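[1] Kindly generate the corresponding structure for this input.
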Amino acid sequence: MDKSKRPFIKSKRSFRRRLPPIQSGDRIDYRNMSLISRFISEQGKILSRRVNRLTLKQQRLITIAIKQARILSLLPFLNNEKQFERTESTTRTSSFRTKNK
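    Residues are numbered from 1 along each chain as shown. Below you'll find the model as predicted:
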């Protein structure tokens, strides 16, 4: 049977609508750490709007709140494990340079 002559068959798959990540009563603020921490990756990066399922206005407010929390030292700029790996690599190169001299 040709594709053009096939009858349209609707999918029986059920669709479950996901709940919005930010409820109407939630305040987007730099002090609300439980809310802010949901929108940060394990590495400490701000997740994108597509991943978060936020509106443009909500994403802007979340971004501003995360940056304010970082400046006030409520959140780290980077994950501590990443910083530790970086310090190890710099010590190796400095010790390598001293051996060659």
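
[2] show me what contacts residue 67?
    By C-beta atoms under 8 Å, 6 or more residues apart in numbering, residue 67 lies in contact with nothing. Placement of C-beta: from N, CA and C, glycine included.

[3] isn't there a helix covering it?
    Yes - secondary structure assignment places residue 67 in a helix (DSSP: H, G, I helix; E, B strand; the rest coil).

[4] separation between it and residue 75?
    Distance, residue 67 to residue 75, using C-beta to C-beta, to the nearest Å: 9 Å.

[5] before we move on, what about residue 26?
    Look at residue 26 and residue 75: by C-beta to C-beta, they are 18 Å apart.

[6] higher neighbour count, these two?
    Shown here are residue 26 and residue 75; by other C-beta atoms under 10 Å, residue 75 has more neighbours (18 against 13).

[7] Identify the residues contacting that one.
    Here residue 75 is in contact with 33, 36, 37, 40, 44, 66, 69 (C-beta under 8 Å, 6+ apart).

[8] Tabulate those residues in TSV, adding columns for secondary structure, neighbour count and distance to residue 19.
    Conversion of the contacts of residue 75 to TSV gives the following (DSSP: H, G, I helix; E, B strand; the rest coil; neighbours: other C-beta atoms under 10 Å; distance: C-beta to C-beta, whole Å):
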residue	secondary structure	neighbour count	distance to residue 19
33	helix	13	21
36	helix	21	18
37	helix	11	18
40	strand	18	20
44	coil	17	26
66	helix	22	22
69	helix	20	24
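
[9] Of those, which pair is most distant in space?
    Maximum pairwise distance in these, criterion C-beta to C-beta, is 13.7 Å, between 33 and 44.

[10] which secondary element of the chain has the worst mean pLDDT?
    Lowest by mean pLDDT, DSSP states H and E among the helices and strands of the chain is helix 80-100, with a mean of 57.

[11] Give the full set of residues in contact with residue 19.
    Residue 19 makes no contacts at all, as judged by C-beta under 8 Å, 6+ apart.

[12] quick one: secondary structure of it?
    In terms of secondary structure, residue 19 is coil; the call rests on three-state DSSP.
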